[in-house]
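>>> Structure for the following, please:
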Amino acid sequence: MGMLRMTWLRVSAAAALAALALLWCAAQAGSLSDNDKKCLACHQMDGLQKLLADGETLSLHIDGDTFAKSVHSLFGCAGCHSDINLATHPGTPLNIASKRSFSIMRAQVCAGCHAAEADQWKDSVHAALVRDGNPMAPVCTSCHSPHAVIHGVAESMDTVPCKMCHAGIFTAYAGSVHGILRRAGLTAAPLCYTCHGAHDVKVPTAGAGLKAVCFSCHKDAEAKHQVWLPNTQLHFQIVSCPACHAPAAHRQVILVLYNAPTQKGAARPVGVPQFESAGGETNAGMNATALFNVLRALNHPGVGNVTSIRGRLDVSAGEEAHVITPASEAISDCRTCHQAGAAAFRSVTISVAGPGGVPVHYGVSNQVLHSVISLNDIGGFYAIGGTRITLLDVLLVLALLVGFGIPALHVAFRWLMKHPHDNGDRSKG
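So this is what the prediction gives:
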């Protein structure tokens, strides 16, 4: 009992200290030190900027009132700009190659305080794109204006930074059931970072698709579908959620080049002619024979079956994947896919993992879904009616005949053996 009381006292003391720290921070917000005011005497001037080596101009203007309200004002200018000596500043001008290089360099300062977030970012698709030289890939200051950070997490759709780069996707999301609920004040409805992560941003559509992301909120999805959807687990394996829950989207078959040891999408094969050109979904692409040869080349003797293909029915574009409708409007008509000439099976691409896992698509002839040559390569992705491999249809009919016919003949034979004179007696009567 005494131990429990001591523990309670320690927790209470910790809570009290945390509360006092918050009160102190709140009291300090809005106040600036004398040194900060000296910095702002120049940097608050409109139009203050610096000409960079590449001809760009870097704005040096800081709004003092906004900075005073920011969380970083508690640490002052010197908290991040410890390399600046007020006694000699501006002194010798700093040679800056470009705004981009300056942003990447300053991001290292952020890691001094935000080490955990920096480590998460290093494993993100954004970091991978930065390492790949993508000039648009975001660093810390791309999403967080360092002199105007008010809150750590953007809870509002109006302040989420993702839309600065992903405007089309954000517009699609805003019109979806998720965006509408979020705008209505339901904070449980997902925002960008709910599905993608805040700093460890991933690509949910990479590899096996985004089923796991959807299931993180819709935990009873499989049970609800089992009530009406035959082969529910198989559907969840090869059909992405937006393929049905974004009914206006254009659907297509994506053949994901899959790496068995890593259990992730395989990177673009080097030296394979079919993958030497830039990705493009509009070209006719490789046929069934070429696809067969690609897999044979990747799984040459001594390597084993390391690389395989996982087929998935998905939407064609990232914007369409975010136009999620209420469940009552989702596609539930089996004929959408299971009929001859189904639209979803007219467009086929093969997907490899680009920087950070971002899928890169290459055109594939839709004949791969109709060819016997492809049976071993895309086995497990055969939709009765959607993909018209005649041989499979014939084999299916034969299997049904054998499956039902042999037991029927067996029963008839046993009956005749037990009643050999029944027919003769009936004929006499």
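
>>> per-domain residue ranges of this protein.
24-152, 154-201, 221-388, 391-428 (automatic domain parsing).

>>> need those domains in a markdown table with distance to residue 213, mean neighbour count and mean pLDDT, can you?
(Each C-beta comes from the backbone N, C-alpha and C, glycine too.) Below are these laid out as a markdown table (distance: least, C-beta to C-beta, whole Å; neighbours: other C-beta atoms under 10 Å; pLDDT from 0 to 100):
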| stretch | distance to residue 213 | mean neighbour count | mean pLDDT |
| --- | --- | --- | --- |
| domain 24-152 | 14 | 14 | 90 |
| domain 154-201 | 5 | 16 | 93 |
| domain 221-388 | 9 | 17 | 86 |
| domain 391-428 | 33 | 10 | 70 |
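
>>> In JSON lines, list those along with distance to residue 210.
Below are the domains of the chain laid out as JSON lines (distance: least, C-beta to C-beta, whole Å):
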{"stretch": "domain 24-152", "distance to residue 210": "14"}
{"stretch": "domain 154-201", "distance to residue 210": "7"}
{"stretch": "domain 221-388", "distance to residue 210": "6"}
{"stretch": "domain 391-428", "distance to residue 210": "29"}
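
>>> Could I get the contacting residues of residue 243?
Counting by C-beta atoms under 8 Å, 6 or more residues apart in numbering, residue 243 makes contact with 249, 251, 313-315, 331, 344.

>>> Just confirm it is within a helix.
Yes - judged by DSSP: H, G, I helix; E, B strand; the rest coil, residue 243 forms part of a helix.

>>> From residue 180, how far off is it?
21 Å (C-beta to C-beta, to the nearest Å).

>>> Then residue 114?
Distance from residue 114 to residue 180, by C-beta to C-beta: 33 Å.

>>> repeat for residue 404
Noted for residue 404: a distance of 50 Å to residue 180, by C-beta to C-beta.

>>> again, but for residue 198
Residue 198 is 22 Å from residue 180, by C-beta to C-beta.

>>> where exactly do the strands run in the stretch 201-350 of the chain?
251-259, 264-265, 307-315, 348-353 (DSSP state E, counting those that start in this stretch).

>>> of all those strands, which lies closest to residue 409?
Closest approach to residue 409 among those is made by strand 307-315 (37.3 Å; C-beta to C-beta).

>>> Mind giving me the packing neighbours of that closest one?
With contacts taken as 3 or more C-beta pairs under 8 Å, 6 or more residues apart in numbering; DSSP states H and E, strand 307-315 sits against helix 232-238, helix 241-245, strand 251-259, helix 288-298.

>>> if we go to 6 Å?
Under the contact criterion of 3 or more C-beta pairs under 6 Å, 6 or more residues apart in numbering; DSSP states H and E, strand 307-315 touches helix 241-245, strand 251-259.

>>> Can you give the contact residues for it?
The contact list for strand 307-315 (C-beta atoms under 6 Å, 6 or more residues apart in numbering) reads 209, 238-240, 242-243, 246, 249, 251, 254-256, 258, 266, 298-299, 321, 344, 377-378, 381.

>>> Now that strand - C-alpha only, CSV.
Only the C-alpha atoms of strand 307-315 are listed here, as CSV (Å, rounded to 0.1, in the frame of the first residue of the first chain):
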residue,chain,number,x,y,z
THR,A,307,11.4,-13.1,-58.4
SER,A,308,7.8,-13.7,-59.1
ILE,A,309,4.7,-11.8,-60.1
ARG,A,310,1.7,-10.9,-57.9
GLY,A,311,-1.3,-9.8,-59.8
ARG,A,312,-3.6,-7.2,-58.3
LEU,A,313,-6.8,-5.4,-59.6
ASP,A,314,-6.3,-1.8,-58.7
VAL,A,315,-7.3,1.7,-59.8
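
>>> gap between it and the chain center?
15 Å (C-alpha atoms, centre = their mean, to the nearest Å).

>>> and that strand with helix 288-298, angle?
Here the directions of strand 307-315 and helix 288-298 differ by 130 degrees (axes from the mean of the first three to the mean of the last three C-alpha atoms, to 10 degrees).

>>> Residue 360 and residue 266, how far apart?
In terms of C-beta to C-beta, residue 360 sits 11 Å off from residue 266.

>>> swap that for residue 232, please
28 Å.

>>> same check, this time on residue 109
37 Å.

>>> Check residue 171 too.
32 Å.

>>> rewinding a little: of the contacts of residue 243, which is the nearest to residue 166?
Checking these one by one against residue 166 (C-beta to C-beta), the nearest turns out to be residue 315, at 16.0 Å.

>>> where's the residue lying closest to that closest one once chain neighbours are set aside relative to residue 183, distance?
Sequence neighbours aside, residue 249 is the residue nearest to residue 315 in space, at 4.1 Å (criterion: C-beta to C-beta, 6 or more residues apart in numbering). Separation of residue 249 from residue 183 (C-beta to C-beta) stands at 22 Å.

>>> Check residue 41 too.
Counting by C-beta to C-beta - residue 41 and residue 183 are separated by 42 Å.

>>> again, but for residue 370
45 Å.
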